[in-house]
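Peer 1: Fold the following and give me the result.
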Amino acid sequence: MNLDCLFFVFGIVAAVTAVIMITRSNPVISALFLVLNFAALAGLYLTLNAQFIAVTQIIVYAGAIMVLFLFVLMLLRPENEKKFLELNPKIKIFAMVVAFVVFAQLAYIIFFARPSQNISKDLAKSVEAGTIESIGRELFTNYIVPFEAAGFLLLAATIGALVLAKKKFD
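Peer 2: Here you go, the predicted structure:
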C-alpha cells in the first residue's frame, strides 16, 4: 500500500512538472523543471523495482544530457524562436492538433484500455530482474561479445574523432 502511494505521488509530480516545463516561457526554467521531471521518473522506476534504470535516469539524463541541453540553450538565442512562430501561425495550429491527438490517445489508454493478463505476479522475479547485479551478470556472461563489440566501436569512433579534429587544428 505504501508503494502505491509513492507511485501516485511520483506520477503526479512527473505529470505536473511536464506540464509546467512546456508552459514556461523562460527556457532555463523549463530545463530545471525537466530535471525535476527526470527525478520523478527515477522515483517511478524505483517503485517498479528497476533500480538500474532509476540510477541511469539520474546519471545520464538529469546529469549529462541536461548539461548538454543547457549549453545548447545558452548558445542558441531562444528569442528568435518566438519570431519564427509569429511569422508562421500554421505551425502553431499544427502543433495544437498534434497535442490534441496525443492527449486523446492518452485519455483513451487511461480510461478504456485494459491491462494485459499475461503479467507475471511473481514479485521476487521482478525485483531480481531490475537489480544491477543481475544486469551485470547477464551482460558479462550471455552478452559479452556484443558488449565488447560496442566497446571497440566506441573506441574506434573516439580515435576517428580525434584524428579528424587533429587534422583541422594542423
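Peer 1: State the mean pLDDT of the helix or strand where Val55 lies.
Peer 2: Per DSSP states H and E: Val55 is located in helix 51-56. The average pLDDT for helix 51-56 rounds to 86.
Peer 1: Just the buried residues of it, please?
Peer 2: For helix 51-56, the neighbour count (16 or more other Cβ atoms under 10 Å) marks Gln51, Phe52, Ile53, Ala54 as buried. Every residue, glycine included, has its C-beta placed from N, CA and C.
Peer 1: Among those residues, which one lies nearest to Ile132?
Peer 2: Using Cβ to Cβ, Phe52 is the member of the buried residues of helix 51-56 that lies nearest Ile132, at 4.9 Å.
Peer 1: Show the subsequent helix or strand relative to the helix holding Val55.
Peer 2: Criterion used, DSSP H and E; the element after helix 51-56 is helix 66-75.
Peer 1: got the buried residues for the helix or strand encompassing Ile109?
Peer 2: Using DSSP H and E, Ile109 maps to helix 89-112. Across helix 89-112, burial judged by 16+ other Cβ under 10 Å covers no residue at all.
Peer 1: Could you pull up the mean pLDDT of the helix or strand containing Glu148?
Peer 2: Glu148 belongs to helix 144-169 when assigned by DSSP H and E. Here helix 144-169 scores 85 as its mean pLDDT.
Peer 1: Please tell me how far that helix is from the chain's geometric centre.
Peer 2: On the basis of Cα atoms, centre = their mean, to the nearest Å, helix 144-169 sits 25 Å off its chain's mean C-alpha point.
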